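A.B. asks: Sequence isn't available, so here's the structure alone:
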């Protein structure tokens, strides 16, 4: 199965000609990476990304440019207190609140094939400067993903998540309205039963199950900090999944 983003890029390559002037040559040696706005990132994410949303708690967005034309973006977001506490078993209590989630990323069909790798490497360097010590990302089987770009950039694969979460979708589209962790933050509850009660008078919304995903992690500390985190992490590292 091809990844969703590859399918979208192949479809757009057949129909998108970039207006009157086309797109610039995607020379990776001349690519420029820099921080972008939420609105700049949103334009590409909503067009190419599997979930079709920007996700929640986005803090930093970075983009890759060819001749000043934006060709790809990545977005980092807060993990939330509940999630952070769970990462104590991976990196230790001292570092568990110093992580970020790489929650969205996509490149246009005309971007260089190594754009994602270059952009992720840049983004990780930037958030490291801000004091973050690790980053987490997920691959989604339903989107045909195995985390190829994370494998190419030497992330650790930690296996598949065990929790089953719930997302609320608009019935007339695939746009996500809210996830169960968002419910806990906003309303103080989570879980299928309470969400179903909340949905009773909202016929335009429906709950869908979100199954387990592949989990990847990148350590961003200095040599000493990474060594300390690795003491807990090393026994949780798995072999990369293959397509």
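C.D. replies: Done, it's in. None of these values were measured; they are calculated from a predicted model. Numbers count the residues shown, from 1 in each chain.
A.B. asks: What is the longest helix along the chain packed up against?
C.D. replies: Secondary structure of the chain read by DSSP state H shows that its longest helix is helix 115-129. Other elements packing on helix 115-129 under the criterion 3 or more Cβ pairs under 8 Å, 6 or more residues apart in numbering; DSSP states H and E are strand 32-35, strand 58-66, strand 69-77, strand 99-107, helix 148-152. Every residue, glycine included, has its C-beta placed from N, CA and C.
A.B. asks: how about the spatially most central residue of the chain, what does it touch?
C.D. replies: Compute the mean C-alpha point of the chain, and by Cα atoms, centre = their mean the closest residue is residue 103, 2.5 Å away. Taking Cβ atoms under 8 Å, 6 or more residues apart in numbering as the contact definition, residue 103 lies against 55, 56, 58, 75, 76, 77, 137.
A.B. asks: All the helices of this structure, in order from the start?
C.D. replies: Secondary structure of the chain (DSSP H): helices located at 4-15, 38-48, 81-86, 88-91, 115-129, 148-152, 180-187, 192-199, 223-233.
A.B. asks: Need the mean per-residue confidence for the third one.
C.D. replies: Taken as a whole, helix 81-86 has a mean pLDDT of 75.
A.B. asks: go on, the second one?
C.D. replies: Here the mean pLDDT over helix 38-48 is 90, rounded to a whole number.
A.B. asks: Of the contacts of residue 103, which is the nearest to residue 109?
C.D. replies: When the contacts of residue 103 are compared for distance to residue 109 (Cβ to Cβ), residue 75 wins out at 19.5 Å.
A.B. asks: Now do the same contact list for the closest one.
C.D. replies: Taking Cβ under 8 Å, 6+ apart, one finds 41, 45, 54, 55, 58, 60, 61, 102, 103, 104, 105 in contact with residue 75.
A.B. asks: Chain neighbours aside, what residue packs nearest to it?
C.D. replies: The spatially closest residue to residue 75, leaving aside those adjacent along the chain, is residue 104, at 4.1 Å (Cβ to Cβ, 6 or more residues apart in numbering).
A.B. asks: tell me the contacts of residue 27?
C.D. replies: Residue 27 is in contact with 66, 112, counting by Cβ under 8 Å, 6+ apart.
A.B. asks: so what pLDDT did it get?
C.D. replies: 94.
A.B. asks: where in this structure is pLDDT low?
C.D. replies: Across the chain, the ranges flagged by pLDDT under 70 are 1-5, 7, 13, 19-21, 50-52, 56, 81-82, 143, 163-164, 174.
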